[in-house]
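Undergrad: Output the structure for:
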Amino acid sequence: DVGSPFDYARQGILYVAAHLPRPSVSGLPEAAGEELLALVTALGGRTLGLFSSRRAAQQAAELLRARTDLPVLLQGEEALPLLVRRFKQERESCLFGVMSLWQGVDVPGDSCQLVVIDRLPFPRPDEPLAAARAAAVDAGGGSGFAAVSVPIAAVRLAQGVGRLIRATGDRGVVAVLDSRLETARGYGPFLRRSLPPFWYTTRPEVARGALERLGRS
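TA: Down below sits the predicted model:
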């Protein structure tokens with residue numbers, strides 16, 4: 001292990017919107033949508049949105065299109081390579097999508113200075129392999145959630161967060177709109193330890209202020 005070439009604490013901020021209600025409904029809750037809107041407008045685009053469902057991504061795109069003039073690119077509306085190319089080239093654009101974007105997007109530079117994650121990426125109940133493994137642990141007297149779901153979420157979350165800093169000159173903010181990353185005492189600290197050592201805050205005004213300064217640069 002030769003370490004990382006990145007100075008994460010100086011290059012990036014991890015902001016967790018701890019004031020938001022715990023996510024419960026499918027799609028994008030209204031409060032999370034307003035938080036997303038405030039963050040994206042503070043920066044002026046340049047946002048990669050990583051969503052837990054196609055419905056949430058579509059709702060986010062509809063919200064931004066209705067209330068801003070920013071170009072919003074939505075996975076599924078064009079071929080993904082074309083969308084990523086446009087995201088790189090159009091500096092004020094936003095790219096919203098689901099799990100394939102969590103791993104397959106490499107956009108160094110100032111075209112991507114805000115990565116927004118709507119909720120923690122725990123495996124869905126209809127993911128058969130994860131469900132079977134969790135059921136086996138439960139049957140043996142353990143916790144399938146702790147032994148299977150939490151480690152899977154940690155890997156996926158680290159992959160998504162890793163979309164922000166792709167070069168030594170990159171700067172930006174990762175915003176997680178799922179308050180459980182801060183408030184869940186059982187697994188929140190474990191998930192945070194799986195991430196790069198960004199400067200950490202739960203204060204929305206700090207995140208917006210940083211994005212506004214980036215937007216002016």
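
Undergrad: low pLDDT regions in the protein?
TA: By pLDDT under 70, the weakly predicted segments of the chain are 1-3.

Undergrad: what sits against the residue sitting furthest away from the middle of it?
TA: Residue farthest from the centre of the chain, counting by Cα atoms, centre = their mean, is residue 140 at 33.7 Å. Contact analysis of residue 140 by Cβ atoms under 8 Å, 6 or more residues apart in numbering lists nothing. C-beta here means a position set from N, CA and C on the backbone, and glycine is covered the same way.

Undergrad: name the element residue 84 belongs to?
TA: Applying DSSP states H and E as the criterion places residue 84 in helix 80-89.

Undergrad: Residue 200 too?
TA: strand 199-201.

Undergrad: ok, residues contacting that strand?
TA: Residues contacting strand 199-201 (Cβ under 8 Å, 6+ apart): 9-10, 12-16, 192, 207.

Undergrad: so what strands line up beside it?
TA: strand 12-16 (parallel) (DSSP bridges).

Undergrad: in stretch 97-110, what counts as buried?
TA: If you call a residue buried by 16 or more other Cβ atoms under 10 Å, then stretch 97-110 has these buried ones: 97-99, 101-102, 105, 107, 110.

Undergrad: on that earlier part again, so how far is the strand holding residue 200 off the chain centroid?
TA: Relative to the centre of its chain, strand 199-201 is centred 15 Å away, using Cα atoms, centre = their mean, to the nearest Å.

Undergrad: buried ones in it?
TA: Result for strand 199-201 [16+ other Cβ under 10 Å]: buried residues residue 201.

Undergrad: Show me the contact partners of the next helix or strand after that strand.
TA: Once the chain leaves strand 199-201, the next helix or strand it forms, by DSSP H and E, is helix 204-216. With contact meaning Cβ under 8 Å, 6+ apart, helix 204-216 is reached by 13, 15, 17, 19, 35, 38-39, 42-44, 46, 110, 113-114, 171-173, 175, 201.
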